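Undergrad: Turn this into a model:
(one chain, ligands or ions: 2)
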Amino acid sequence: MERFRIKNVFSDGIAGHKITVCGWVRTKRESKGIAFIALNDGSTQDILQLVIPGETPAFQKLPHCNTGAAIKATGTIKDSPGKSQKIELEVSEIEVFGDADSATYPLQKKGHTLEFLREIGHLRPRTNTYGAVFRIRNIIADAVHEFFQGRGFIWIHTPIITSSDCEGAGDLFTVTSLDFDKLPVKDEGGIDFSRDFFGRRAFLTVSGQLEAEFLAMSLGDVYTFGPTFRAENSNTSRHLSEFWMIEPEIVFADLNDDIRLAEDFIHILCLKVLEKGESEIAFLEKFYKNTSINELKVLAEKPFVRISYTEAIKELEKAGKQFEFPVKWGLDLQSEHERYLTERVFKGPVVVTDYPEKIKPFYMRLNEDEKTVAAMDVLVPKTGEIIGGSQREERIGVLEDRMRQIGIPGENMEWYLDLRRYGSAPHAGFGLGFERFVQYITGMPNIRDVIPCPRAPQTIKL
Ligand code: ATP
Ligand code: MN
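TA: Ligands and ions are numbered 1, 2, ... in the order given. This is a model prediction of the structure:
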């Protein structure tokens, strides 16, 4: 079907041309023998106004062009006398693909709450809000690849099903084909996973990092961009059970290189959103006020403040504020602490480095003080942590000691240790939660509003 995307109708300057567009009717009104339809096809925030003169055959189709109907319209692009749009389509023909029953169509002209729209996940992308969010999501996804490909990184695909349960990033979902009515039991009790599909227990991955490490230790700088899963029962506005993560892994590189990469990455992603998604951000700014073009312009350039965990604890102690969770050297930073640091103390992105070894995973490189590790978290206002990263422990002796202390069974990790036995090299990486970032950029109050089909505890409707 020959059709113009509405986005291109606005960008291509085609006044006077005869074209065909397709889309869904947002509104329809009639006055003095002339009808107007507001049409959107999802390609842009903008609505194309269709003008249907009374004498055309198209006019006869109007009873079947209710809000929500899918139609095709052919006509000529004209300058619009109206105030709210520059151009409009003067229509001669309309074909109705599917009308929508206006008595039951859930999307009415009046605004709906985000909670209500979450209940109709299959229709919410037709609204201005979700159209904007999902287009921004696409812009960022595209910019991720452009950023890494432009720097010579190799995109690698790490597995979704894994046998590794030692990553320490969170609780895992088990993947099984066992028959729940006849579960094989071991003599000493417990499920006998040796009789499961893979011959041992398998899980959905929480991170592609460990595998990215062996690929980086052969291909050089690499990145993953794929789904990850966490079975924690965290019913918050910033956690999903299934989310996408971007994980670069760089070699012949240390924590400073890692931080610099993260900073450049965030800057460039913001620039791309401003370049390609300005009208979407402008819309979200106007209606929700949790994001703004100016804020993004600042973020696209602002250098990240760097402080150590130890300094961060001092700042929080100085705050003289009663936090819900205790502030004490050795305890992890909670979201309220992270937000205090970014929103109140530094008023912008902050990189916190060198966390206590005890609260971070085994693979992070032990610092000289032997109390902290070369970790870095990027914290931003409103959201808190968006990036977690580290330099990896490349010294086999130190790594084995830590694994022993933490009680990580060595037998399945021989391959990981091999990387330190044969041609070990300093390397580092980080994980950016894709939805966390999209949420931050769009200012959506709930992370469930930036992914088409959110999975969260007790939530898997669509
Ligand atoms: P948090 O403390 O926020 O729960 P984390 O420290 O467990 O996160 P990491 O294991 O460091 O997270 O994962 C790297 C990044 O992935 C985080 O910085 C965050 O952006 C994102 N992320 C982690 N867990 C989730 C989740 N459940 N839903 C969405 N994004 C997440
Ligand atoms: Mn983290």
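Undergrad: need the strands for the stretch 101-250 of the chain, in chain order.
TA: 154-155, 161-162, 174-175, 202-204, 222-229, 242-251 (DSSP state E, counting those that start in this stretch).
Undergrad: Out of the ones you listed, which gets nearest to Met403?
TA: Closest to Met403 of these is strand 161-162 (CB to CB; 17.7 Å). All C-beta atoms are positioned from the backbone trio N, CA, C, and that covers glycine.
Undergrad: elements contacting the closest one?
TA: Applying 3 or more CB pairs under 8 Å, 6 or more residues apart in numbering; DSSP states H and E, we find strand 161-162 packed against strand 202-204.
Undergrad: Just confirm yes or no for the strand it packs on near ligand 1.
TA: No - contact of strand 202-204 with ligand 1 (CB under 6 Å from any ligand atom) is absent, the minimum separation being 12.5 Å.
Undergrad: ok, back up a step: could the strands of the stretch 101-250 of the chain be laid out in TSV, adding mean pLDDT, distance to Asn40 and mean neighbour count?
TA: Shown next, in TSV, are the strands of the stretch 101-250 of the chain (pLDDT from 0 to 100; distance: least, CB to CB, whole Å; neighbours: other CB atoms under 10 Å):
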stretch	mean pLDDT	distance to Asn40	mean neighbour count
strand 154-155	98	33	13
strand 161-162	96	39	16
strand 174-175	96	40	16
strand 202-204	96	36	20
strand 222-229	97	29	22
strand 242-251	98	26	23
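Undergrad: any idea how far Gly429 is from Glu435?
TA: Using CB to CB, to the nearest Å, Gly429 is found at 19 Å from Glu435.
Undergrad: okay, the two: which has more neighbours?
TA: Gly429 (27 against 22; other CB atoms under 10 Å).
Undergrad: The more buried one - nearest residue in space that isn't next to it in sequence?
TA: Leaving aside its chain neighbours, Gly429 sits nearest to Glu249 (3.8 Å; criterion: CB to CB, 6 or more residues apart in numbering).
Undergrad: what does Lys78 give?
TA: Nearest to Lys78 is Glu90, by CB to CB, 6+ apart, at 5.2 Å.
Undergrad: what's near enough to touch Leu417?
TA: Residues in contact with Leu417 (CB atoms under 8 Å, 6 or more residues apart in numbering) are 396, 399-400, 410.
Undergrad: just Glu90 next, same as before
TA: With contact set as CB under 8 Å, 6+ apart, Glu90 has these partners: 51, 53, 75-78.
Undergrad: can you pull the contacts of Gly237?
TA: No, residue 237 isn't Gly; it's Ser. By CB under 8 Å, 6+ apart, the residues touching Ser237 are 445-448.
Undergrad: between the residues you listed, which is nearest ligand 1?
TA: Ligand 1 has its nearest neighbour among those in Ile447, at 6.0 Å by CB to the nearest ligand atom.
Undergrad: need the strands for the stretch 351-462 of the chain, in chain order.
TA: Counting by DSSP E, counting those that start in this stretch, the strands of the stretch 351-462 of the chain are 372-380, 384-391, 427-433.
Undergrad: will you turn these into CSV that also has distance to Leu462 and mean pLDDT?
TA: Rendered in CSV, the data for those read as follows (distance: least, CB to CB, whole Å; pLDDT from 0 to 100):
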stretch, distance to Leu462, mean pLDDT
strand 372-380, 29, 97
strand 384-391, 26, 96
strand 427-433, 21, 98
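Undergrad: now the ones you listed in CSV, with distance to ligand 1?
TA: Listed next are the strands of the stretch 351-462 of the chain as CSV, based on distance: least, CB to the nearest ligand atom, whole Å:
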stretch, distance to ligand 1
strand 372-380, 7
strand 384-391, 3
strand 427-433, 2
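Undergrad: who wins for proximity to Tyr105 among those strands?
TA: The closest of these to Tyr105 is strand 427-433. By CB to CB, the value is 34.7 Å.
Undergrad: Just list the residues touching Ala38, thanks.
TA: By CB under 8 Å, 6+ apart, Ala38 lies in contact with 25-28, 47-50.
Undergrad: In helices, which of those appear?
TA: For those, not one is inside helices, with DSSP state H as the criterion.
Undergrad: from those residues, which would you call buried?
TA: Among the contacts of Ala38, those buried by neighbour count (16 or more other CB atoms under 10 Å) are 25-26, 28, 47-50.
Undergrad: Now, these that are in strands?
TA: Among the buried ones among the contacts of Ala38, the residues falling in strands (DSSP state E) are 25-26, 28, 48-50.
Undergrad: so which pair among the residues you listed is furthest apart in space?
TA: The largest distance within those, taken as CB to CB, falls between Lys28 and Leu48 and amounts to 13.4 Å.
Undergrad: ok, of the ones in strands among the buried ones among the contacts of Ala38, which one's closest to Lys7?
TA: Nearest to Lys7 among those: Leu48, at 9.8 Å, using CB to CB.
Undergrad: Disregarding residues adjacent in the polypeptide, which is nearest to Leu269?
TA: In this structure, Leu269 finds its nearest non-sequential neighbour in Ala143, 5.2 Å apart by CB to CB, 6+ apart.
Undergrad: try Asn66
TA: Counting by CB to CB, 6+ apart, Ser102 is the residue found nearest to Asn66 once chain neighbours are left out, at 4.4 Å.
Undergrad: What about the one you found, how many residues nearby?
TA: Around Ser102 sit 12 other residues, with neighbours defined as other CB under 10 Å.
Undergrad: got the contact list for it?
TA: Taking CB under 8 Å, 6+ apart as the test, what Ser102 contacts is 66-68.
Undergrad: Let me have those in TSV, extended by pLDDT.
TA: Below are the contacts of Ser102 laid out as TSV (pLDDT from 0 to 100):
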residue	pLDDT
Asn66	96
Thr67	96
Gly68	97
